[in-house]
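>>> Predicted structure and sequence below. I'll ask about it afterward.
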There are 2 protein chains.
Amino acid sequence: MKLTKDNLHDFIRGAAILGTGGGGDPYVGRLMLEQELRKGADIEILDPDNISDDVFAINVFSMGAPTVFVEKIPNGAATVISVRKVEQVLGRKFNAIMPVEAGGVNATLPLIVGALTGLPVIDADGMGRAFPELQMVTYNVYGVDICPLVTTDDYGNSVTYETDTAQRAEWLARGVCVRMGGISQAAGYPMTGRQIKDTAVRHTLTLSVEIGQAVREAREQHRDPVDSLIDYFCTARHPRHAATLFDGKVVDVLRETKQGFTVGRVMLDGIEGSTGKHCEVTFRNEFLIAKTDGRVVATVPDLICCLDRETAESITTESLKYGNRVKIIGIAAAPVMRTPEALAVFGPRAFMMENDFTPLEELG
Amino acid sequence: MKLTKDNLHDFIRGAAILGTGGGGDPYVGRLMLEQELRKGADIEILDPDNISDDVFAINVFSMGAPTVFVEKIPNGAATVISVRKVEQVLGRKFNAIMPVEAGGVNATLPLIVGALTGLPVIDADGMGRAFPELQMVTYNVYGVDICPLVTTDDYGNSVTYETDTAQRAEWLARGVCVRMGGISQAAGYPMTGRQIKDTAVRHTLTLSVEIGQAVREAREQHRDPVDSLIDYFCTARHPRHAATLFDGKVVDVLRETKQGFTVGRVMLDGIEGSTGKHCEVTFRNEFLIAKTDGRVVATVPDLICCLDRETAESITTESLKYGNRVKIIGIAAAPVMRTPEALAVFGPRAFMMENDFTPLEELG
């Protein structure tokens, strides 16, 4: 897989859909990446199935509330400072860059850092979707240390964390993130090729391009792009359950930027097949739980996506507004995300919800 | 000067008086230091007038709200972790330890770290008093970099800050301090012997012992210990203006632990020579400004101390309570603390007060 000006739009569209409402504004992410590609950057993508065990990769991401990212744009150069600081603490150089999550910004930032440093980017991440907190990645679930973690602000001020758990690193780094203005540029979870193969969710970049392409082709061929997206998942090489959960319009949005997160809920009234029904989706950067007429229809870690009902373009939690005509769709999370260990870290109870996880396909 | 079991009580008493209500509970500080001395620790104190230019010292301190220190005791071992982390970043070992400030805990902690590491302690600090924020030291005023700064919690989790200004380090480290439970153990302002001679307030440890001794001797000789303390300053080798500003009893205390600081004010009704008058002293960890019947009688950086009117024992801002019979005394800050550069960093306006600094002796 190679990322070029040709498949860039597909990639961004797909990554934003996997971002489940979070991971930053895809418009911002696209502009940042286009700028690097226009400079002639050639970003090499490595297939995790074929990497050597002694690859040494660092995960990079923007941390903070997506509401803030809209005004305070994520910063590639500051992210490179974080990478260099981690190298300094470890006394060892990285030879690859990696995303922690999918999403409009956090899927593109690693590619930008790849372009800035000349390092290849691994086609894998820590969730195959987006999550709000640093401990919520398969790496952590399956024993990779987040530390040394470094976060840097736009002025190049950096903070290095060495903690006993990823949850504690999240707690401390979030406090700093708020004081850095609601966004910080992070590098953490240094990983060997062996650890990547053992713990990462593979081929998220390829998947992003493919689903972005499925949506584009449906539009070109005047098919329904949301239906085509669902078909893609159901008939893919590794099929996953996917379904439209609700068809409606946004009638209310409650949204706050609080302690470094964008939290709230969106209320929808049904149209077409959902006429007469009501839907509520709760979010914390990402969509966490969807309820139709009070009944749970999908919950984390399964993906809940809010898509424009005509174009299937992803609508992020910070940009949702009254009047949006949307379809809420559910996509089953990768199997590695649904184990008991994984659910303990990012299942519904990790978000203080009162229900246990039930797979999307059983909620019908 | 040597610190032993014999002059320990004098030292603690004197350091707490210079702490101007902050710097931690002297009782806690004394217990911590007694424990080390009982183990047979021999703490070498270096005279800053006689050190070599290539001494390389690190400042250590507890950061946080003194209200928290009472329950969550400062931690010598965690402070040593911070020192080692600074060494790791700089790739160079320290050969001396230094206090940033006077006070019940922050004057003793460097001695404890000296005992734990076997390193000598410099008889100097960054203010000759206590202040609430990290940038409020002569080192910073006169050009010494606070970074790398490290703060560590009781579990050994450490955070390293590399920032453009000391004020930004304070801002970020304060956020972490709150999330570490309201107290963190810090090491910062790495300094050479040359920098110590150029920027530090010298002989604060010796001064602490001497004023503690003056108070003790007055008690033994049935003289008024508060008057004797004032006499000490007025007739010392380097005389400084000192005066009793108010004699009264505490009738109200407003105190909150907020964003990592102990903030509030104490109201006093006059007794004896102050009968019929009222006094209000505002604090942020330390006492900042004293007003009698609405008129300013002392302000930072001059020292405002609240002493038991019978024993001259210091009363800290976190332990003040209704009914305390106290004398409020003012002591002129060292000349190095009263320059325009210094006042810009810790004069009244740095604390959002509306008045400029007027020396204690002119407020009469």
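Looks like it arrived, so ask away.
>>> For chain A, give the helix that spans the most residues.
helix A:204-220 (DSSP state H).
>>> Quick one: neighbours of the nearest residue to A:Val105 once chain neighbours are set aside, just the number.
Nearest non-adjacent residue to A:Val105, counting by Cβ to Cβ, 6 or more residues apart in numbering or on different chains: A:Gly24, 2.6 Å away. C-beta: built from backbone N, CA, C; applies to glycine. Residues near A:Gly24, counting by other Cβ atoms under 10 Å in any protein chain shown, number 33.
>>> List the residues that contact A:Gly24.
A:Ser62, A:Pro66, A:Phe69, A:Pro74, A:Gly103, A:Gly104, A:Val105, A:Asn106, A:Thr316 (Cβ atoms under 8 Å, 6 or more residues apart in numbering or on different chains).
>>> count of residues packed around the closest residue to the second one other than its chain neighbours?
The one in question is A:Pro66. Ranked by Cβ to Cβ, 6+ apart and with sequence neighbours excluded, the top spatial neighbour of A:Pro66 is A:Glu318, at 4.3 Å. Counted by other Cβ under 10 Å, the residues lying close to A:Glu318 total 22.
>>> Quick check: A:Glu318 vs A:Leu33, distance?
19 Å (Cβ to Cβ, to the nearest Å).
>>> what's the answer for A:Met127, then?
Taking Cβ to Cβ, one finds A:Met127 at 20 Å from A:Leu33.
>>> At which residues are the helices of the stretch 151-300 of chain A located?
A:166-179, A:193-199, A:204-220, A:225-235 (DSSP state H, counting those that start in this stretch).
>>> So which bits of the stretch 251-364 of chain A are right by chain B?
Residues of the stretch 251-364 of chain A lying close to chain B (Cβ under 8 Å from any Cβ of the partner chain): none.
>>> And the residue nearest to A:Val105, what's its pLDDT?
Per-residue pLDDT puts A:Gly24 at 87.
>>> quick one: which helix or strand includes it?
Assigned by DSSP states H and E, A:Gly24 belongs to no helix or strand.
>>> ok, back up a step: the longest helix of chain A - contacts with which helices or strands?
helix A:8-18, strand A:124-125, helix A:225-235 (3 or more Cβ pairs under 8 Å, 6 or more residues apart in numbering or on different chains; DSSP states H and E).
>>> can you do 7 Å?
For helix A:204-220, the elements it packs on are helix A:8-18, helix A:225-235, judged by 3 or more Cβ pairs under 7 Å, 6 or more residues apart in numbering or on different chains; DSSP states H and E.
>>> who's in contact with the residue nearest to A:Pro66?
Going by Cβ atoms under 7 Å, 6 or more residues apart in numbering or on different chains, A:Glu318 touches A:Pro66, A:Thr67, A:Val70, A:Thr262.
>>> Would you mind measuring from the residue nearest to A:Val105 to A:Ser82?
17 Å.
>>> ok, A:Ile304 touching A:Phe283?
No: using Cβ atoms under 7 Å, A:Ile304 is not in contact with A:Phe283; the gap is 8.7 Å.
>>> Who has more neighbours out of these two?
Under the neighbour definition other Cβ under 10 Å, A:Ile304 and A:Phe283 were set side by side, and A:Phe283 has more, 29 against 25.
>>> Excluding residues flanking it in the chain, which one is nearest the more buried one?
A:Thr317 (4.5 Å).
>>> what about that neighbour, which SS state?
coil (DSSP: H, G, I helix; E, B strand; the rest coil).
>>> how many other residues sit next to it?
Neighbours around A:Thr317, by other Cβ under 10 Å: 29.
>>> Please apply the same query to A:Gly188.
A:Gly188: 30 surrounding residues under other Cβ under 10 Å.
>>> Contact partners for the nearest residue to A:Lys277 once chain neighbours are set aside?
Excluding its sequence neighbours, the residue lying closest to A:Lys277 (Cβ to Cβ, 6+ apart) is A:Gly270, at 4.0 Å. Neighbour list for A:Gly270: A:Phe246, A:Asp247, A:Gly248, A:Gly276, A:Lys277, A:His278 [criterion: Cβ under 7 Å, 6+ apart].
>>> Could I have the buried ones of those residues as ChimeraX selection syntax?
Command for ChimeraX that selects the buried part of the contacts of A:Gly270, burial taken from 16 or more other Cβ atoms under 10 Å in any protein chain shown:
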select /A:246,247,248,278
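>>> I'd like the contacts of A:Gly270 laid out as TSV, including pLDDT.
Below are these laid out as TSV (pLDDT from 0 to 100):
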residue	pLDDT
A:Phe246	98
A:Asp247	98
A:Gly248	97
A:Gly276	97
A:Lys277	98
A:His278	98
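>>> Close to chain B: what parts of the stretch 51-200 of chain A are there?
Selection of the stretch 51-200 of chain A residues close to chain B by Cβ under 7 Å from any Cβ of the partner chain yields A:155, A:157-164, A:168, A:171-172, A:175-176, A:178-179.
>>> can you do 8 Å?
Residues of the stretch 51-200 of chain A found near chain B (Cβ under 8 Å from any Cβ) are A:85, A:88-89, A:155-164, A:168, A:171-172, A:174-176, A:178-180.
>>> buried subset of those?
Of these, these count as buried by 16+ other Cβ under 10 Å: A:85, A:89, A:157-163, A:168, A:171-172, A:174-176, A:178-180.
>>> And the closest residue to A:Met353 other than its chain neighbours, how far from A:Met127?
Nearest-residue entry for A:Met353: A:Ile289, 6.1 Å, with adjacent residues in sequence omitted and distances by Cβ to Cβ, 6+ apart. In this view, A:Ile289 and A:Met127 are 17 Å apart by Cβ to Cβ.
>>> The two: who's more crowded?
A side-by-side neighbour count of A:Ile289 and A:Met127, using other Cβ under 10 Å, places A:Met127 first with 31 against 20.
>>> for chain A, which strand is longest?
Scanning chain A for the longest strand, with DSSP state E as the assignment, gives strand A:242-258.
>>> Packing partners of it?
helix A:66-69, helix A:225-235, strand A:261-270, strand A:278-284, strand A:286-292, strand A:295-299, strand A:325-331.
>>> quick one on the thing from earlier: got CSV for the contacts of A:Gly270, with distance to A:Asp10 too?
Putting the contacts of A:Gly270 into CSV (distance: Cβ to Cβ, whole Å) gives the following:
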residue, distance to A:Asp10
A:Phe246, 26
A:Asp247, 25
A:Gly248, 27
A:Gly276, 36
A:Lys277, 33
A:His278, 34
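>>> Go through the contacts of A:Gly270 and say which is closest to A:Met337.
A:Phe246 (22.6 Å; Cβ to Cβ).
>>> just checking, that closest one touches A:Cys279?
Yes: here A:Phe246 reaches A:Cys279: they are 4.2 Å apart, a contact under Cβ atoms under 8 Å.
>>> Quote the end-to-end distance of stretch A:194-206.
20 Å (Cα to Cα, to the nearest Å).
>>> avg pLDDT for that stretch?
Mean predicted lDDT for stretch A:194-206 stands at 96.
>>> cool, stretch A:57-74 as well?
Mean per-residue pLDDT for stretch A:57-74: 93.
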